[in-house]
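Asks: Predicted model and sequence follow; I will ask about them next.
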Amino acid sequence: MTTTMAATNTARLPGTPPICRLPPELLIEIFVSCCDDPSDELTPVVLGQVCRYWKDITHLSPRIWQHIYLYEHHPISISHDQALWWIYQSSPLPFDVRIEAHTMDMILPLLSPVLSQMSRLQKCIITGTHQEIFAFTQYDFDRGRECLVDELSILVKGISALGTVGTNADSDSSDSDRPYSNIFRVHGPSDGPPELSLHLSVYALPLASAMKPIPITSLCITEFSLDVTTDVVRMLNFLKCTPLLETLHFAGWPQEGEPILAGSLFPVHLPRLRILLVRSTCSVRAILSHIDAPALEELYLEHTNVDFELRTEPYVAQQAPPEEGESDDEAHDFSQSPWSDHATGMGLRALLKRSRPPLQVLHMDYADMRTKDFRWCFDRLDRLREFRIVGSDMSDRVVGMLAPYRRRWLAFGLANLKEADDPRGSWAVRLPSLTKLEIWQCQRVSGDALVQALQERVRLTDWAAEEGRGQTMESVGIVGCSEFLVQHEQELSGILGGRLRTT
């Protein structure tokens, strides 16, 4: 016996109350009308608790479940369960979501279970501190995707206004307190489907315990001002809620935060992450050391150099035994930022050791390392095609690492270019896939070292490329290096020709 037949038979039983004698179709219309008005009483559930007949009716029609009302004052776990249950019960019909939140920090946690079920979402209404109505039906989104959001951008304003449970202690807000006027923004090419991004201004990143996994592919986290101190532990825990992430941008401020204690950091696995940008933070080591990104192809480190000693990572001193490379640089080369050089180098080492990514692009813009860190990384970046470094204190020793060197018993390719009359071994180059090199504003590198290293390298790699045994330089840019003079440019132009750029 089907549910419809059972409900109809129940209505025909002697002694059944008049309201229960109404046909199911009419009861459904009444229930839909009751559920249309915003309420935090979980109306469909309440109606289904009246009697077995009404319970059968509420489970019979998806129309009763088409409006999801989520409130900040409910426990977040209940709101998550409610959203998922309503979405399931309303299938295959479209549904609306209404969120009432008196703090911006709770909008994303409340919205998180919906982001993975957006193919049927037709409207989102946000009330409370932020007022916004977004109609998904006005745009020709690709409804074949479960998540319509292409990018999530979070502006962190600081934790000083937060209570102990991770919400804003002061619910009053002005326009200046909300740098993002609209959460939903539509953009994209004119010849393709529109793209949707979410922009949120919060006091702190959401707690991982308050989130459901969100299937976004691009995430940008920006710290708003010097009032914000980077909470690396909270950020890494939040990243665990983005397992499908492909692009991650983080921009902070070069100031120390609270010390990171031993046992508080755990690696986050991001199997699809291809692009990572870390900018202006003293936490570069903690971030790079605890991201597992086996598919990473592009890494951008920007403005991480600082001229003061970093004291935010006491957990490092408690590691036993110390990590490889933790000792001082044996080269003793000059640096204006020795502490951040150490942190950046150790962070990059940890990232490469853990993930072994097929890194193809490495940009270091005022983000330096020690000489031995360059050596360690260059020996392991066999797939790197593009290397750009700006404002580095690197010495001639680092530049010399680009020149060929002798090595024995090597495999086929640039790592095994034997000369017929050379019984001592073979020639090899570090970064054997390198085709584009950019060196900008590096004032401690001499022109003679650049000329010698690049002439030797290009002479060898050009021959190898002609033989089909490797890659050679396609573009070399040396800009703003005070020790690289006109005569050096002329010498390099002899072998590089039009591949050399100095302006």
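Replies: Done, it's in.

Asks: what's the burial count for the residue lying closest to residue 157 once chain neighbours are set aside?
Replies: Spatial nearest neighbour of residue 157, chain neighbours left out: residue 224 (4.6 Å); criterion: Cβ to Cβ, 6 or more residues apart in numbering. (C-beta placed from N, C-alpha, C; glycine too.) The local packing of residue 224 (other Cβ atoms under 10 Å) involves 15 other residues.

Asks: ok, residue 224 touching residue 200?
Replies: No - taking Cβ atoms under 8 Å as the definition, residue 224 is not a contact partner of residue 200, at 11.9 Å.

Asks: so what's in contact with those two at the same time?
Replies: The overlap between the contact sets of residue 224 and residue 200 (Cβ atoms under 8 Å, 6 or more residues apart in numbering) consists of residue 155.

Asks: Run through the stretch 301-450 of the chain and note the low-pLDDT ranges.
Replies: Low-confidence segments of the stretch 301-450 of the chain, defined by pLDDT under 70: 312-315, 317-320, 408-425.

Asks: show me where pLDDT drops low in the chain?
Replies: Looking at the chain by pLDDT under 70, you get 1-17, 20, 159-180, 312-315, 317-320, 408-425.

Asks: residue ranges of the helices in it, please?
Replies: 3-12, 24-36, 43-48, 52-60, 76-90, 107-115, 232-239, 284-289, 338-355, 371-378, 396-400, 447-466, 486-496 (DSSP state H).

Asks: I'd like to know which of the ones you listed is closest to residue 268.
Replies: Closest approach to residue 268 among the helices of the chain is made by helix 232-239 (4.6 Å; Cβ to Cβ).

Asks: then the closest one to PDB, C-alphas only?
Replies: Extracted in PDB, the C-alpha atoms of helix 232-239 (Å, rounded to 0.1, in the frame of the first residue of the first chain):
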ATOM      1  CA  VAL A 232      47.800  29.900  11.700                       C
ATOM      2  CA  VAL A 233      46.200  27.100  13.700                       C
ATOM      3  CA  ARG A 234      42.700  28.400  13.000                       C
ATOM      4  CA  MET A 235      43.500  29.000   9.300                       C
ATOM      5  CA  LEU A 236      44.900  25.500   8.800                       C
ATOM      6  CA  ASN A 237      41.900  24.000  10.500                       C
ATOM      7  CA  PHE A 238      39.600  26.000   8.300                       C
ATOM      8  CA  LEU A 239      41.500  24.800   5.200                       C
END
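
Asks: Not counting that helix itself, show me its contacts.
Replies: Outside of helix 232-239, the residues within contact range by Cβ under 8 Å, 6+ apart are 204-208, 211, 219, 221, 245, 248, 250, 257, 260, 264-266, 268, 270, 283, 286-287, 290-291.

Asks: Please tell me I have it right and residue 186 contacts residue 194.
Replies: Yes - counting by Cβ under 8 Å, residue 186 touches residue 194, with 5.0 Å between them.

Asks: Between those two, which contacts overlap?
Replies: Shared contacts of residue 186 and residue 194, defined by Cβ under 8 Å, 6+ apart, comprise residue 139.

Asks: okay, which residue is most central for the protein?
Replies: Centroid check for the chain by Cα atoms, centre = their mean gives residue 248 as the closest residue, at 2.4 Å.

Asks: need the contact list for the residue nearest to residue 157.
Replies: 155, 156, 157, 158, 179, 201.
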